[in-house]
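Trainee: Structure of the sequence below:
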Amino acid sequence: MSKLLIKTFGCQMNEYDSSKMADVLKASHGYELTSDPEAADLVLLNTCSVREKASEKVFSELGRLKEWKDAKPGRVIGVGGCVASQEGEAIARRAPAVDLVFGPQTLHRLPALLDQARRTHKAAIDIRFPEIEKFDHLPEPRKEGPTAFVSIMEGCSKYCTFCIVPYTRGEEVSRPLDDVLAEVDALVRQGVREITLLGQNVNAYQGAMGGAMADGGTCDLALLIHILARFETLGRIRFTTSHPAHFSDALIDAYASEPKLAGVLHLPVQSGSDRILGMMKRGYTRAQFLDKIARLRALRPEIALSSDFIVGFPSESEADFEATMELIEAARFDAAFSFVYSPRPGTPAANLRDGVSMDVKQARLERLQARIRDFGIAYTERLIGTVQTVLVEKVSRRGDGQLAGKTPCNRWLNFDGAEALIGHFAEVCVTESLTNSLRGELIGVAAGETIDEAVSA
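Mentor: Here you go, the predicted structure:
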C-alpha cells in the first residue's frame, strides 16, 4: 500500500487544503497517510509565503528530500501551496528532484499530475487559478473527529501593500451556498459537531443562493451562519480569517442573536496608526476598528479577541508604534500573531525605504507581545470558577484518564472523564489556568446531549 506524507506550513487554509490532498490521492491511487518519512512513497510540501524567506526554506527542505528520494527508486516529491504559485517552474529548475508543482487552486489535479510525471519522467506543473473549480472535483468530505474545516471562499482582492496572498491564491471567489450546505450536511451526518468556516477574507463571502432560496440572490457570512445554525446537531460555528473592512453590521449582530456562534474572534488590525494603515492599504481607520470592537464587547462582554500585528513597517515612527500600543490597551486583545516587518518580493511595500533599525523593531515587538501576554493571562484567569461548554475532542496528551476539549473562546481544557464523552458537548468548571491550557472538573453533559448518563459525571 502506497504511503503519503504531507508537511503543512502556514494557515488553517493550508491545513484544510492538505486534508483535501490526502482525500484526492486516497480516492485516486489508494495513498494512506503516514508521519514516517522512511515509510512514505510520496512527500508533499504544502507551502506558505507569509513568513520571511519562505522560498529559501522550501528549497532547503527540498535539498534534504533529494537524499530521501535517491535512497529508494520510485519515490515522488511534490510542492504545493503559495510558494509553488509564486515560484512555479523555477522550483523544478532549481530542484530537479521535484516531480509535482501545483497551486492551492489546482490540488484537485494531483492524480493527473502524478500520472503525467510518472509517464514523462519530467516535472508536472499546474499553478493556474481556475476559480472555484477544485471544489467540484474533490471526494465527499470525511469526518476525522468532531470538528471540521469548511472552505467557503478562495483568494483575496484587498491587495494590502505588504501581502503576497492575492498573487499566490488569486482574487476572491465564493463557493455557491448550495455547495457549502451540501458539504456541511455530509460532515454533520458523520458526527461533526463544530464547523470552522475558512477563507482568506472570510467575511467578504458572497455565495450564490441558487436553488437554496426561492428569491435567489447572494448569501453573506452572517446569513450563512444563521442557516448553518439550523443543523440541529451542529453545536458550534467558528470562522476565520476576517478583514476589518468587511466586518459588517449584520455579522456583529449575529454575535447577539446566534448562540451557536462561538464567542471568539480573530480580527487582524496590523497597526494602530492611521498613517501606517493608509500605507498598508487596509481600508479602515483605528477609530472604525475600535468602534467595531466596542460594539462586539457590548453584545458579548467576555468575547475572546485576537489579532495580527506587523511591527516596524517602513517609516514606522515612535508615535506610530505608540498608536498601536494605545489601540491594544483599548481593544484588550488576549492573543495575537505579531511579527517584525520583512518585505515580500513582488509586493508594493517591498519597494518602500525602510529606515527603522532591526534593534528598534525587535524592542517594539517584545514590548507589544508582553502587553498582549498580560491581557491573555488576565483573560484566562477570569475563566477560573466559570462553567464552560466544551466540545470534547480527544484523550488529553496529559494522560491519566483525562480528556481534552475546546471552550467557546478556543482554549484547551483538560479534565477527568470517560472516553465515551468524545464527540459530545460537556459542562466543565474551570479550576486552574496554565500557560497554554486550562484544567477543570466535569459537571455533566451539556443540555440536549444524548449519552449514557453513567459516563456523564
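
Trainee: those helices in the stretch 201-350 of the chain, which residues are they?
Mentor: 221-228, 249-257, 274-280, 286-299, 318-331 (DSSP state H, counting those that start in this stretch).

Trainee: can you put these in CSV and add mean pLDDT?
Mentor: Listed next are the helices of the stretch 201-350 of the chain as CSV, based on pLDDT from 0 to 100:
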stretch, mean pLDDT
helix 221-228, 97
helix 249-257, 97
helix 274-280, 98
helix 286-299, 97
helix 318-331, 98
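
Trainee: R118: which of these is closest?
Mentor: helix 221-228 (41.0 Å; CB to CB). C-beta here means a position set from N, CA and C on the backbone, and glycine is covered the same way.

Trainee: so what secondary structure elements neighbour the closest one?
Mentor: helix 177-189, strand 194-198, strand 236-240, helix 249-257 (3 or more CB pairs under 8 Å, 6 or more residues apart in numbering; DSSP states H and E).

Trainee: at 6 Å instead, please
Mentor: helix 249-257 (3 or more CB pairs under 6 Å, 6 or more residues apart in numbering; DSSP states H and E).

Trainee: Now do the helix it packs on: everything it contacts.
Mentor: Helix 249-257 is contacted by residues N203, L221, A222, I225, L261, R295, L296, L299, R300 when judged by CB atoms under 6 Å, 6 or more residues apart in numbering.

Trainee: mind checking pLDDT for the last one?
Mentor: pLDDT recorded at R300 is 95.

Trainee: For it, which residues are in contact?
Mentor: Y255, G263.

Trainee: Next, the angle from the helix or strand harbouring S18 to strand 236-240.
Mentor: Using DSSP states H and E, S18 sits within helix 12-29. In terms of direction (axes from the mean of the first three to the mean of the last three CA atoms, to 10 degrees), helix 12-29 departs from strand 236-240 by 100 degrees.

Trainee: which of the residues in helix 12-29 are buried?
Mentor: 13-26 (16 or more other CB atoms under 10 Å).

Trainee: Kindly reformat these as a markdown table and extend each row with pLDDT and distance to S338.
Mentor: Formatted as a markdown table, those follow (pLDDT from 0 to 100; distance: CB to CB, whole Å):
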| residue | pLDDT | distance to S338 |
| --- | --- | --- |
| M13 | 85 | 20 |
| N14 | 88 | 20 |
| E15 | 90 | 21 |
| Y16 | 89 | 24 |
| D17 | 91 | 25 |
| S18 | 94 | 25 |
| S19 | 92 | 28 |
| K20 | 91 | 30 |
| M21 | 95 | 30 |
| A22 | 95 | 32 |
| D23 | 93 | 34 |
| V24 | 94 | 35 |
| L25 | 96 | 36 |
| K26 | 95 | 38 |
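
Trainee: from those residues, which is closest to A92?
Mentor: M21 (18.7 Å).

Trainee: So the closest residue in space to the closest one that isn't next to it in sequence versus R169, what's the distance?
Mentor: Using CB to CB, 6 or more residues apart in numbering and skipping the chain neighbours, the partner closest in space to M21 is L107 (5.3 Å). For L107, the distance to R169 equals 12 Å [CB to CB, to the nearest Å].

Trainee: Compare those two and say which is more crowded by neighbours.
Mentor: Between L107 and R169, counted using other CB atoms under 10 Å, the more crowded position is L107 (26 against 22).

Trainee: and that one, what are its phi and psi?
Mentor: Per-residue torsions, L107: phi -60, psi -20 (degrees, to the nearest 10).

Trainee: My understanding was that V76 contacts L42; is that so?
Mentor: Yes - V76 is within contact range of L42, at 4.5 Å (criterion: CB atoms under 6 Å).

Trainee: just to revisit the earlier point, and of the helices of the stretch 201-350 of the chain, who's closest to T347?
Mentor: Using CB to CB, the nearest of those to T347 is helix 274-280, at 10.5 Å.

Trainee: Buried residues in the closest one, which are they?
Mentor: D274, I276, L277, M279, M280.

Trainee: Give me the distance from the helix holding S18 to the chain's centre.
Mentor: Offset of helix 12-29 from its chain centre (CA atoms, centre = their mean, to the nearest Å): 15 Å.

Trainee: CA atoms only: put that helix into PDB for me.
Mentor: The C-alpha trace of helix 12-29 is given here as PDB (Å, rounded to 0.1, in the frame of the first residue of the first chain):
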ATOM      1  CA  GLN A  12      -5.700  26.900   8.500                       C
ATOM      2  CA  MET A  13      -6.500  27.200   4.800                       C
ATOM      3  CA  ASN A  14      -3.300  25.200   4.200                       C
ATOM      4  CA  GLU A  15      -4.400  22.600   6.800                       C
ATOM      5  CA  TYR A  16      -7.700  22.300   5.000                       C
ATOM      6  CA  ASP A  17      -6.000  22.000   1.600                       C
ATOM      7  CA  SER A  18      -3.700  19.300   3.000                       C
ATOM      8  CA  SER A  19      -6.600  17.200   4.100                       C
ATOM      9  CA  LYS A  20      -8.100  17.500   0.700                       C
ATOM     10  CA  MET A  21      -4.800  16.500  -1.000                       C
ATOM     11  CA  ALA A  22      -4.900  13.300   1.200                       C
ATOM     12  CA  ASP A  23      -8.600  12.700   0.200                       C
ATOM     13  CA  VAL A  24      -7.900  13.100  -3.500                       C
ATOM     14  CA  LEU A  25      -4.900  10.800  -3.600                       C
ATOM     15  CA  LYS A  26      -6.600   8.200  -1.400                       C
ATOM     16  CA  ALA A  27      -9.500   8.100  -3.800                       C
ATOM     17  CA  SER A  28      -7.400   8.000  -7.000                       C
ATOM     18  CA  HIS A  29      -4.300   6.000  -6.100                       C
END
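
Trainee: Nearest spatial neighbour of T240, chain-adjacent residues omitted?
Mentor: Nearest to T240 is H266, by CB to CB, 6+ apart, at 5.2 Å.

Trainee: Confirm for me that that neighbour is in contact with A304.
Mentor: No - between H266 and A304 there is no contact under CB under 6 Å: 9.1 Å.

Trainee: Which secondary structure elements does the helix holding S18 sit against?
Mentor: Using 3+ CB pairs under 6 Å, 6+ apart: helix 12-29 touches strand 3-8, helix 110-120, strand 194-198.

Trainee: let's see it at 7 Å
Mentor: strand 3-8, strand 42-47, helix 110-120, strand 147-151, strand 194-198 (3 or more CB pairs under 7 Å, 6 or more residues apart in numbering; DSSP states H and E).
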